[in-house]
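Trainee: My questions concern the predicted model and sequence given below.
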Amino acid sequence: MKQRHALRQKGSSEINMTPMIDIVFILLIFFLVTTSFVKETGVDVNRPSAQTSERQERGNILIAITVNGEIWIENHLVDIRAVRANVERMLAENPEAAAIVTADKESTTGLLVEVVDQARLAGISNVSIAAIKK
């Protein structure tokens, strides 16, 4: 009689881990889907301020111009001659994309105009310039 009782206890000591693993994967998927990711240009830019600035949520293509005239797209330093090709490539991936140009307030206006022009030549009609709200 004691042997049967010992066999029952040995078989019931296992814990089924499958439901717990399923719950952990479901929570992981939930947090990945509900998390909003912030896109950044990859460099720090001192943006100018403007009283009429508006928050724009749909900027898929971020272009940054630093104080010393460097142009950054997707954390890559880009020459002015390559801006159009990079924007065309990104526009092919997302045809509804809008561009936001973040220029340092000490950067030259001529370079800003050239970058906006290259983005429009690439096919983007909605090109915005980033500023800080006063």
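Mentor: Structure received.
Trainee: Following the worst-scoring helix or strand of the chain on mean pLDDT in sequence, what is the next regular element?
Mentor: Among the helical and strand segments of the chain, the one scoring lowest on mean pLDDT, DSSP states H and E is helix 2-11, with a mean of 54. Beyond helix 2-11 in the direction of the C-terminus, DSSP states H and E gives the next helix or strand as helix 18-34.
Trainee: For that following helix, name the packing helices and strands.
Mentor: In terms of contacts (3 or more CB pairs under 8 Å, 6 or more residues apart in numbering; DSSP states H and E), helix 18-34 is not packed against any helix or strand. Every C-beta, even on glycine, is put in place using the N, C-alpha and C of the backbone.
Trainee: mind checking how far that helix is from the chain centre?
Mentor: Here the centre of helix 18-34 is set off from its chain's centre by 23 Å, with CA atoms, centre = their mean, to the nearest Å.
Trainee: Using CSV, write out every CA atom in it.
Mentor: Output of helix 18-34 as CSV, limited to C-alpha atoms (Å, rounded to 0.1, in the frame of the first residue of the first chain):
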residue,chain,number,x,y,z
THR,A,18,3.6,25.6,-21.3
PRO,A,19,0.8,27.9,-20.2
MET,A,20,3.2,30.3,-18.4
ILE,A,21,5.4,30.5,-21.5
ASP,A,22,2.3,31.2,-23.7
ILE,A,23,1.3,34.0,-21.4
VAL,A,24,4.8,35.5,-21.5
PHE,A,25,4.9,35.5,-25.3
ILE,A,26,1.4,37.0,-25.5
LEU,A,27,2.5,39.8,-23.1
LEU,A,28,5.7,40.4,-25.2
ILE,A,29,3.7,40.7,-28.4
PHE,A,30,1.2,43.0,-26.7
PHE,A,31,3.9,45.4,-25.5
LEU,A,32,5.7,45.4,-28.9
VAL,A,33,2.4,46.2,-30.7
THR,A,34,1.3,49.0,-28.3
